Structures are given as structure tokens and as C-alpha cells.
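> got a structure for you, letters missing:
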């Protein structure tokens, strides 16, 4: 037999009282939650306490502390706790703990604990800043690439037209032996314009090469052009002691021996001209490679990445706005965190879907706002997009089911086989008997 004396019930902590098997852990937790509810409601001006409800909850806590808990007291406690929760709705004990700061203790004294809502505000605010910064970088990168490719196409087209006009004027001047003008522009003016266009083309091309920083192209020729230039160079070397006339070219004759052969200087000059043309083709091939790469990059940015980022930004705006409202109404909880994260994923997907179906060339309906604007609005309210998708799926399903039923109704009915006809005369016993007429 132990000589130790059990301490009185009043001095026992709540956990040790429960260890004796008298009180369930749910009651202990609910009693603590009731005090939090009462403290919250007491600070609200638009909620009034029921005196009887408050008295029952306070007496229940005292009974727990004194160890006088009974089934009748537990019944009254749960009934009044349910009324207390309805009184505080839509606020829950979880949202109060996640939103309102509590007191904590450390070596330095008492301090306010950082709530889950405050952590969520900091986290989503950081995500919003990072998303906005990344979006701005991609948007500026897209704007620069779009302007460069547009300028290159315009300058290249203008330079081609000017070069054609210069060749036309030179050929006419050589035939007529006089200086002419075209569209009130003389040959020196066109040549000056061509020089300026070449400088603008080179400048934009250099910027475009820096813009496509992730890929580098080398100036190469196709296998066909490589073999063609080799053949041309060999033909020039073979002409060292030959001369080709126009009549020979017209008749398909390649070369013809002449008495006065071409000099080595003339051959070298033709080879240098051929090499210059070869380098020009290499440079143009490299130019087109960079231009095509830039167009592919712009199309990928415009159709996938930018709509996705705009959808994410719209979803982030919705999350921050909803988070602010829930903190104000003390309804933020762990369930809100799950909804917010799903909303960010759905907003990003919705924005990318908008990039698939909307093009900048469209000018009617929502498409007139631009795919980026529609992606942002859809990310902010994803319910609109998914409700439209559900309606589309339902209409397609209804149409398929309706067509299946109509095909079943249109199937021809199988004709019934006629009864076999017997060659024998019917038996008189099987004939109906008519009644005799009376006089």
C-alpha cells in the first residue's frame, strides 16, 4: 500500500483529470474552443449573447476543473456548444485560430503569435510579385522580338523594291543613253535610299541575333548549293584557255577553243565574284534562319507562355482579393489554403487554353480584347470557362445520344411470316354455325 497522498482535484491539470477516465478528450478540446468562441463574440458588436447559453458553458468549464463532470452536464454542454457555433457562423474555431493572433510566451515575456493568415498573406504576396516580374520580363522580351521581326520584314521588302527600281533604271538608261527618273526619284536618290535601308537592315539583324540568345546559327549552304558553286568554280577554271559565246550557250555548247585565251587575271576576277555571291548566299541563309527561329519563339510565347502567365496573374489577383475578404470576416482556414492553391493551377491552365483558341487577328466578341486580356479575366474567374466547357460537353453528349435514338427508330420492322395455307378443304366441323332463320 502506497503512503503517497493523492492531490486534490482542484490542483490537478486538465490532462491529469482526463487520465482518470472521467472526461473525454473531445470535451476537453470543446471546452477550450468554447472559451475562444466566447472571447471572439464578446468583441463583436452585431452579436448578442444568450445569458442561459453563456451560463451553461461557464459552469461546464468549472465542473471540468473540479472533476464533477456528469453525463447530464455533458449533454447540456454539447447542446449549448452547438448553439454557440451557430451564433458565430460562418466563423469557425479553425478560422479564428488561423486569423486572430494568440499569445505566446518565451524567455523575453509574452508576444503575439504569427497567424497562418499572416503567413499566407506574405507567401501569396511574394508569389504575386515574382509572377508579375516574370510576366513583365516575358512581355518586354516578346515586344522587342515582335518589333524586330516586323521591322526586318518591312525593311527587306522595301529594299527589294528599291533594288528592282535601280536595276530597271540602269537597264533603261543603258538602252536609251539618257538619265531617267522613276516616281520623281533619280538613280542617285534610289542608290542612297538603298544604302540607308541596308544599314537599317544590318542594325535590326544584329539586334535580332542578340535577341535569339539561346541559339546560334552558322552560315552554311545546302548540299545542293555547295555542289553547284563547286561546279561553277570548276567551269571558270576550265575557261582559262576557252571562251564561251552566246550562240554556244543558246545551242547548249559549254566551251569552245579560241585563238586568244582568257588571262589568269580575268579568271581570278570571275572567281572572286563567284566567292562573293557564295558568301552573300550564306549570309542570307543565316538571316532567314534567325528570322524563322524568332518567329517560332514569338509564336510559342504568344500561344502558350504569355497566356499561362496572364491566367496565373488573374488567379493570383483573385486569391489576394479573397484572402483579404476572408481575413476581414475571420473565415480563413486551412481549407482556404487548399482552394487557393487549386485556383492558381486552374487559372494557369485556363489562361493557356485561351491562348489556344484566341488569336490576335480576331476582332469580334471577347477576342477583340486580345488573348492576353481574356486570359487574365479567365484566370480571375475560371468558373466561366469551365461552365462553358461543361455546356459544350453536355450538348455534344445530348446530340450523340439523340442521333443514336433516331437511328434505332428508323430501323425497318421485320415483316411477319404469313400463316401457311393448306391445300385440303376445311373440315365442316371447324366452320362457324349460323343460326337458323325463324319464320
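Looks like it came in fine. Just so it is clear, the model here is predicted, and its values are computed rather than measured.
> thought residue 49 was touching residue 43?
No. Taking contacts as CB atoms under 8 Å, residue 49 lies outside contact range of residue 43: 11.9 Å. C-betas here are computed from N, CA, C, even on glycine.
> who's more crowded, those two?
Using other CB atoms under 10 Å as the criterion, residue 49 and residue 43 rank with residue 49 on top: 14 against 8.
> identify the residues contacting the nearest residue to the more buried one once chain neighbours are set aside.
Distances taken as CB to CB, 6 or more residues apart in numbering place residue 41 nearest to residue 49, at 6.7 Å, with adjacent residues excluded. Going by CB atoms under 8 Å, 6 or more residues apart in numbering, residue 41 touches 47, 49, 84, 87-88.
> top of those residues by neighbour count?
residue 84 leads those on contacts (other CB under 10 Å) with 23 neighbours.
> let me know how buried the closest residue to that one other than its chain neighbours is, in neighbour terms.
The shortest distance from residue 84 to any non-neighbouring residue, by CB to CB, 6+ apart, is to residue 37 (5.2 Å). Residue 37: 21 surrounding residues under other CB under 10 Å.
> ok, residue 37 - contacts?
Residue 37 touches 84-85, 88, 93, 96, counting by CB under 8 Å, 6+ apart.
> same thing with residue 146?
residue 298.
> gap between the helix or strand hosting it and the chain center?
With secondary structure defined by DSSP states H and E, residue 146 is part of helix 116-176. Helix 116-176 sits 22 Å away from the centroid of its parent chain (CA atoms, centre = their mean, to the nearest Å).
> I'd like the mean pLDDT over it, please.
Per-residue pLDDT values over helix 116-176 give a mean of 91.
> same check on stretch 327-343?
93.
> which residues in the stretch 151-300 of the chain form helices?
Along the stretch 151-300 of the chain, counting by DSSP state H, counting those that start in this stretch, helices occupy 187-211, 223-238, 246-251, 264-300.
> any stretches of the chain with poor pLDDT?
The model of the chain has pLDDT under 70 over residues 1-22, 102-112, 177-184, 239-262, 359-369, 404-439.
> can you list the domains in it?
9-89, 306-399 (automatic domain parsing).
> what's the end-to-end length of the longest one?
Domain 306-399 has its terminal residues 35 Å apart, counting by CA to CA, to the nearest Å.
> how far off centre is it?
With CA atoms, centre = their mean, you get 10 Å for domain 306-399.
> just the shortest one next, same as before
Taking the mean of its C-alpha atoms, domain 9-89 sits 50 Å from the chain's own mean (CA atoms, centre = their mean).
> also stretch 266-283?
50 Å.
> may I see the buried residues of it?
267, 270, 278, 281 (16 or more other CB atoms under 10 Å).
> these two touch, right, residue 80 and residue 56?
Yes. Assessed by CB under 8 Å, residue 80 is found in contact with residue 56 at 4.4 Å.
> ok, and what's touching stretch 382-393?
315, 343, 346-347, 350, 353-354, 378.
> I should have written stretch 42-60 there, sorry.
By CB under 8 Å, 6+ apart, stretch 42-60 touches 31, 34, 38, 41, 73, 76-77, 80-81, 83-84, 87-88.
> quick one: terminal-to-terminal distance for it?
Terminal-residue distance, stretch 42-60 (CA to CA): 19 Å.
> what comes up buried for that stretch?
Applying 16+ other CB under 10 Å to stretch 42-60 flags 53-54, 56-57, 60 as buried.
> now swap in stretch 152-169 and tell me
For stretch 152-169, using 16+ other CB under 10 Å, the buried residues are 152, 155-156, 159, 162, 165-166, 169.
> nearest to residue 228 among those residues?
residue 156 (24.0 Å; CB to CB).
> what separation is there between the closest one and residue 200?
10 Å (CB to CB, to the nearest Å).
> please report how far residue 326 lies from residue 263.
92 Å.
> whichever strand or helix holds residue 310 to helix 116-176, inter-axis angle?
Using DSSP H and E, residue 310 sits in helix 306-328. For helix 306-328 against helix 116-176, the angle by axes from the mean of the first three to the mean of the last three CA atoms, to 10 degrees is 160 degrees.
> tell me the angle helix 306-328 makes with helix 264-300.
Using the same axes, to 10 degrees, helix 306-328 lies at 30 degrees relative to helix 264-300.
> mind listing what's buried in helix 306-328?
Neighbour-count burial for helix 306-328 flags 306-320, 322-323, 326-327 (criterion: 16+ other CB under 10 Å).
> show me what that helix is packed against.
helix 93-99, helix 116-176, helix 334-357, helix 371-380 (3 or more CB pairs under 8 Å, 6 or more residues apart in numbering; DSSP states H and E).
> reformat these as JSON lines; add distance to residue 26.
Shown next, in JSON lines, are those (distance: least, CB to CB, whole Å):
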{"stretch": "helix 93-99", "distance to residue 26": "13"}
{"stretch": "helix 116-176", "distance to residue 26": "23"}
{"stretch": "helix 334-357", "distance to residue 26": "19"}
{"stretch": "helix 371-380", "distance to residue 26": "41"}
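> and of those helices, who's closest to residue 396?
That would be helix 334-357 among the helices and strands packed on helix 306-328, by CB to CB, at 16.3 Å.
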